[in-house]
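Asks: got a predicted structure plus its sequence, pasted below:
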Amino acid sequence: GYHRLEQRFAAYEGEKLYGLGQHQHGRLDQKGLVLDLVQRNAEVGIPVLASSRGYTLLWNNPAIGRVELAHNGTRWVADSARQIDYWITAGTPADGQRRYSAVTGRTPMLPEWAAGFWQCKLRYRTQDELLSVAREYKRRGLPLSAIVCDFFHWTHLGEWKFDPAEWPDPAAMVRELDELGIKSVVSVWPSVSPLSENHALMEQRGYFIGTQYGPMAHADWPDKGVASTVQVAFYDATNPEAREFMWSKVRDNYLAPYGITAFWLDACEPELKPGFQENLRYWAGPGLEVGNMYPAENSRTFHEGLTAAGEEVITLNRSAWAGSQRYGAALWSGDIGTDFPTLREQIAAGLNTAMSGIPWWNTDIGGFHGGDPDDPAYREVMVRWFQFGALSPLMRLHGFRDPGMPLGPEMTGGPNEVWSYGEEAGAIMERYLRLRERLKPYVLKVMREAHEEGLTPMRPLFLEFPDDQATWTVDDAYLFGADLLVAPVLTAGATARTTYLPAGATWTDAWTGETYEGGRTVTVDAPLDRIPLFLRDGARLPVAE
């Protein structure tokens, strides 16, 4: 039978602990915290822990549980499991990344287009609306690599195909985007409405996540053709036959007719309402025992299908688990706020994601919930976030801008393109679009290191400088690859930025050319149009125009 299991380890004075997925608590060193091992929107449980004492530990158990990082001991808890299984390696943090990725799987090589700028918002409601945005980017001469067709583009939830009333000619749309050099990305949810043409067959064949008690429905959600919400089920991504069925629909409705190969896997925790795994029954086992593996298995659906079709693989995911990276899963930080404190929290979130072995990571630039494009205070947030986004592993503009609408098939938000934020902000954002484009060769070089060695693009300073004890506490700056130190501006009204430069290297201000010896804290100018960037040991990158 299944039992609650736990394992305790000794704790040490001064030990610092990193990884454990992605969380919004804003802490880089997570010593002293208790963290749930569960999947939620913006909270991603990946049970790998890296220590300042020189080891990396994987709690190889997809059970719902928690980890307690107390000062008098570390305790791992699985609420339902048959055995304890963990893996440990020793060495520097970089050694840990290499060995962990060798065990759980290395990420594929990032497709070249994905290193550029992704445009999306909640949401483009029609084919004409989406194309008009793409055309305007090209008319303005602005780089654009991808544009996203978001949720409610479907006929019914769980039919996984375009609604012809709003998307009358997807083939022509994709063809025009291809001619403009823009990749089409489509949102695919794991949810299935009872109104879906697939629901009855999937239920009959056992392709849904089941329940021990009650109906086979896990969330209330709006669908087209009904005034109220409906009770939706989720396909069971742990079931190989269900994965094959799901992919067959995606292949037949997106890939085969239109050549669409890039997918946004939203709500892939899955988004349970309420989030209660104890009642669930997966093909792979009880919910408490296996629930955390769902997002990785969902990514696997698309990786296996695209690979079999001979296509490059990248999916954008709201959740992940240990090994998700081997399936070409990019992670974003979920539905978050739109202010400076939230931006500040994303630095630690991204760095702990990196220490959890996920190289492809990004945020909704500007945050998700709200943000008025006409508000000067929010425009400042957007500019600073856009600068951070340009120096993130992936660069993607998204959000549900004011004025919003109630949740439903007709909903959309306010404008969210680079020209939506006024002349001054727009000009700065355009400047960083072009910076990202100039840095694409470097981005791809760093992505190859992730593919071949397992080293993540976004790196805490201690990953490259583990012998400099001061780097282990820097939680507001990071390295993008080995050669570029990024110090985002994270407060309103700032015109200068203070940051630590690691010992053992010389650092050159990429904007002014001034050089500093490492092992010191410096304060540099940071007007609204400048994010402080420092080049390591004379590295030559095309930062300045």
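Replies: All right, it came through fine. Bear in mind that the values here come from a model prediction, so they are computed numbers and not experimental data.
Asks: not counting its neighbours along the chain, what's nearest E410?
Replies: R125 (7.5 Å; CB to CB, 6 or more residues apart in numbering). In short, each C-beta sits where N, CA and C put it, glycine included.
Asks: dump the residue contacts of that neighbour.
Replies: F152, E166, E410, T412 (CB atoms under 8 Å, 6 or more residues apart in numbering).
Asks: check which helix or strand it maps to.
Replies: Under DSSP states H and E, no helix or strand contains R125.
Asks: pLDDT value on it, please?
Replies: At R125, the model reports a pLDDT of 98.
Asks: quick one: it from T491, how far?
Replies: Plainly put, R125 is 36 Å away from T491 if you go by CB to CB, to the nearest Å.
Asks: could you do E244 as well?
Replies: Counting by CB to CB, the gap from E244 to T491 is 50 Å.
Asks: swap in H25?
Replies: In terms of CB to CB, H25 sits 19 Å off from T491.
Asks: cool, P295 as well?
Replies: Taking CB to CB, one finds P295 at 33 Å from T491.
Asks: neighbour count winner among those two?
Replies: Remark: of P295 and T491, P295 carries more neighbours, 27 against 12, as counted by other CB atoms under 10 Å.
Asks: which residues does the more buried one contact?
Replies: Q39, V44, L265, C268, E269, N317, R318, S319, A320, W321, S324, A329.
Asks: isn't the third one up against F302?
Replies: Yes. If you go by CB atoms under 8 Å, L265 and F302 touch, sitting 7.0 Å apart.
Asks: which of the two has more residues huddled nearby?
Replies: When L265 and F302 are compared for neighbours, F302 comes out ahead with 27 against 22, by other CB under 10 Å.
Asks: which helix or strand contains that one?
Replies: helix 294-308.
Asks: which stretches of the chain form helices?
Replies: Shown for the chain, the helices assigned by DSSP state H span residues 93-104, 127-139, 170-179, 199-205, 240-250, 256-258, 287-290, 294-308, 340-354, 376-390, 423-438, 440-453, 461-464.
Asks: hmm, back to that, tell me which entries of the contacts of P295 lie within strands.
Replies: The strands, defined by DSSP state E, take in L265, N317, A329 from these.
Asks: and the longest strand belonging to the chain, what's buried?
Replies: Secondary structure of the chain per DSSP E: the longest strand is strand 73-81. Counting neighbours by 16 or more other CB atoms under 10 Å, one finds that the buried residues in strand 73-81 are T74, R75, W76, V77, A78, D79, S80, A81.
Asks: now swap in stretch 406-413 and tell me
Replies: In stretch 406-413, residues buried by neighbour count (16+ other CB under 10 Å) are P409, M411, T412, G413.
Asks: list the contacts for the second one?
Replies: Under the criterion of CB under 8 Å, 6+ apart, the contact list for M411 reads L122, R123, F152, G404, M405.
Asks: residues in contact with the second one?
Replies: Yep, that's R123 we're talking about. Contact partners of R123, counting by CB under 8 Å, 6+ apart, are D150, F151, F152, H153, M411, T412, G413.
Asks: and the gap between the second one and S184?
Replies: Using CB to CB, one gets 15 Å for the distance from F151 to S184.
Asks: what about these two, which has more around it?
Replies: Higher neighbour count among F151 and S184: S184, with 23 against 20, using other CB under 10 Å.
Asks: pretty sure V77 contacts H3?
Replies: No. Counting by CB under 8 Å, V77 does not reach H3; the two are 11.5 Å apart.
Asks: skipping adjacent residues, who's closest to D468 in space?
Replies: Leaving aside its sequence neighbours, D468 sits nearest to A503 (CB to CB, 6+ apart; 4.5 Å).
Asks: the one you found and F465 touch, don't they?
Replies: Yes. The pair A503 / F465 is scored as a contact, 6.9 Å apart, by CB under 8 Å.
Asks: the two: who's more crowded?
Replies: F465 (23 against 15).
Asks: stretch 405-418: how far from the chain's middle?
Replies: Computed by CA atoms, centre = their mean, to the nearest Å, the chain-centroid distance of stretch 405-418 equals 21 Å.
Asks: repeat that for stretch 220-238.
Replies: Per CA atoms, centre = their mean, the centroid offset for stretch 220-238 relative to its chain is 24 Å.
Asks: please apply the same query to stretch 191-206.
Replies: So, by CA atoms, centre = their mean, the centroid of stretch 191-206 is 29 Å from its chain's centroid.
Asks: give me the number of residues near A308?
Replies: A308 has 10 nearby residues by other CB under 10 Å.
Asks: scratch that, E545 is what I was asking about
Replies: With other CB under 10 Å as criterion, E545 counts 7.
Asks: between L265 and F302, which contacts overlap?
Replies: With CB under 8 Å, 6+ apart as the test, L265 and F302 both reach V188, T315.
Asks: for the residue most central in space within the chain, give me the pLDDT.
Replies: Per CA atoms, centre = their mean, the C-alpha nearest to the average position across the chain is that of W332, at 1.7 Å. For W332, the model assigns a pLDDT of 99.
Asks: partners of the residue lying closest to W87 once chain neighbours are set aside in the sheet?
Replies: Leaving aside its chain neighbours, W87 sits nearest to L58 (4.4 Å; criterion: CB to CB, 6+ apart). Beta-bridge partners recorded for L58 (DSSP bridges): V48, W87.
Asks: so what's L58 up against?
Replies: P47, V48, L49, Y86, W87, I88, Y100, V103, T104, A322.
Asks: just the buried ones from these?
Replies: By 16+ other CB under 10 Å, these give P47, V48, L49, Y100, V103, T104, A322 as buried.
Asks: any idea which of those residues is the one closest to G206?
Replies: Among these, A322 lies closest to G206 (CB to CB), at 26.5 Å.
Asks: quick check: that closest one touching N60?
Replies: Yes. With contact defined as CB under 8 Å, A322 and N60 form a contacting pair (7.1 Å).
Asks: overlap in contacts of these two?
Replies: Jointly contacting A322 and N60 under the rule CB under 8 Å, 6+ apart are P47.
Asks: what's the burial count for H3?
Replies: 9.
Asks: show me the beta-bridge partners of it.
Replies: Going by DSSP bridges, H3 forms beta bridges with A81.
Asks: spit out the contact partners of it.
Replies: S80, A81, R82.
Asks: pLDDT on stretch 453-471, on average?
Replies: For stretch 453-471, the mean per-residue pLDDT is 99.
Asks: how far off centre is that stretch?
Replies: Averaged C-alpha coordinates place stretch 453-471 at 20 Å from its chain's average position (CA atoms, centre = their mean).
Asks: could you do stretch 51-62 as well?
Replies: Using CA atoms, centre = their mean, the offset of stretch 51-62 from its chain centre is 22 Å.
Asks: circling back: for the residue nearest to E410, what are phi and psi?
Replies: phi -90, psi -20 (degrees, to the nearest 10).
Asks: and it, how far is that from L255?
Replies: Separation of R125 from L255 (CB to CB) stands at 23 Å.
Asks: same check, this time on Y124
Replies: Y124 sits 21 Å away from L255, going by CB to CB.
Asks: the more surrounded of those two?
Replies: Shown here are Y124 and L255; by other CB under 10 Å, Y124 has more neighbours (24 against 18).
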